[in-house]
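Q: Please work out how this folds:
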Amino acid sequence: MSVKCIIGLGNPGRQYENTHHNVGFMAIDKISGELSVSVNQLKWHALIGEARIGSDRVILMKPQTYMNNSGIAVRELVN
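A: You can find the predicted model right below:
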């Protein structure tokens, strides 16, 4: 079994909803819908959800830092 991570970049806040700033968040929403997974657990400065695809564990992530600081959440996930 391996772990895969899909990270959708965006900016938190209502002012960015449905804008080009949040295409990554929209992609995670689409994938999570297809997998019937909620991405609502706050962990690693991000909203995450977990799923299985075959034998792989998949972590879906929407960092809750602004896009320029997304590396903070990604680094915590990787560590």
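
Q: looking at the chain, which helix or strand is least sure?
A: In the chain, the helix or strand scored least confidently by mean pLDDT, DSSP states H and E is helix 70-78, which has a mean of 86.

Q: Could you give me the buried positions within that one?
A: S70, I72, A73, V74, L77 (16 or more other C-beta atoms under 10 Å). Placement of C-beta: from N, CA and C, glycine included.

Q: Also stretch 20-35?
A: H21, N22, G24, F25, M26, A27, I28, I31, S32, L35.

Q: ok, Y66 - contacts?
A: N11, P12 (C-beta atoms under 8 Å, 6 or more residues apart in numbering).

Q: give me that answer again for 7 Å
A: N11 (C-beta atoms under 7 Å, 6 or more residues apart in numbering).

Q: Likewise for E34?
A: Counting by C-beta under 7 Å, 6+ apart, E34 has no contacts.

Q: related to what we said a few turns ago, which one of the buried residues of helix 70-78 sits closest to R57?
A: Among the buried residues of helix 70-78, L77 lies closest to R57 (C-beta to C-beta), at 12.6 Å.
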